[in-house]
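Novice: Here's a sequence, model it:
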Amino acid sequence: MTTRPTIFVLNGPNLNLLGMREPEIYGTDTLDDIAGRLEDQAQALGLSIDFRQSNHEGHLIDWLQEAQAAGAKAVLLNAAGLTHTSVAIHDAIKAIHVPVIEVHLSDPHKREEFRHISYVGMAAKECFAGHGAKSYELALDAAARY
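Specialist: Numbering: from 1, shown residues only. From the prediction side, this is the model:
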């Protein structure tokens, strides 16, 4: 039996509140809704996903390193607010050989000026932002091509 390549989907702070938190910015989909659609999409692409969320920066760093150790095909990373503040996540992305794709529901460049800087983006292979929950699906399609 052949094992399907795995894509880690890592989600940062406050994304557990999707569907309730500022729906005018982030939409009404919950993180579980997004995970379900990605699971179906991954099946169709011949992939498996490992979908996780944490409000703690260190967990995201540990999981990036785990993705490398597990031989993941790629990582989709929505680091949420840590995107704009975490040099440590930037360094973790640079330290692994697994391609990391930055994901955002909203477009940070159309929001507050402090969101225009992305430490994740400085290290990620590419970025999908501003498409709501569809950003994840676009990123998964890209990851499947690696």
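Novice: Could I get the full set of helices for the chain?
Specialist: With DSSP state H as the definition, the chain shows helices at residue ranges 23-26, 31-45, 57-70, 87-95, 134-145.
Novice: could the ones you listed be laid out in CSV, adding distance to residue 81 and mean neighbour count?
Specialist: For the C-beta atoms, the positions are set from N, CA and C on the backbone; glycine is no exception. Putting the helices of the chain into CSV (distance: least, CB to CB, whole Å; neighbours: other CB atoms under 10 Å) gives the following:
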stretch, distance to residue 81, mean neighbour count
helix 23-26, 12, 12
helix 31-45, 15, 16
helix 57-70, 10, 17
helix 87-95, 11, 17
helix 134-145, 16, 19
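Novice: For residue 76, find the nearest of those helices.
Specialist: Residue 76 sits nearest to helix 134-145 of all those, at 4.7 Å, using CB to CB.
Novice: State the mean pLDDT of that closest one.
Specialist: Confidence over helix 134-145 (mean pLDDT, whole number) is 97.
Novice: about what we covered before: reformat the helices of the chain as CSV; add distance to residue 127.
Specialist: Output for the helices of the chain, formatted as CSV (distance: least, CB to CB, whole Å):
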stretch, distance to residue 127
helix 23-26, 17
helix 31-45, 17
helix 57-70, 16
helix 87-95, 12
helix 134-145, 8
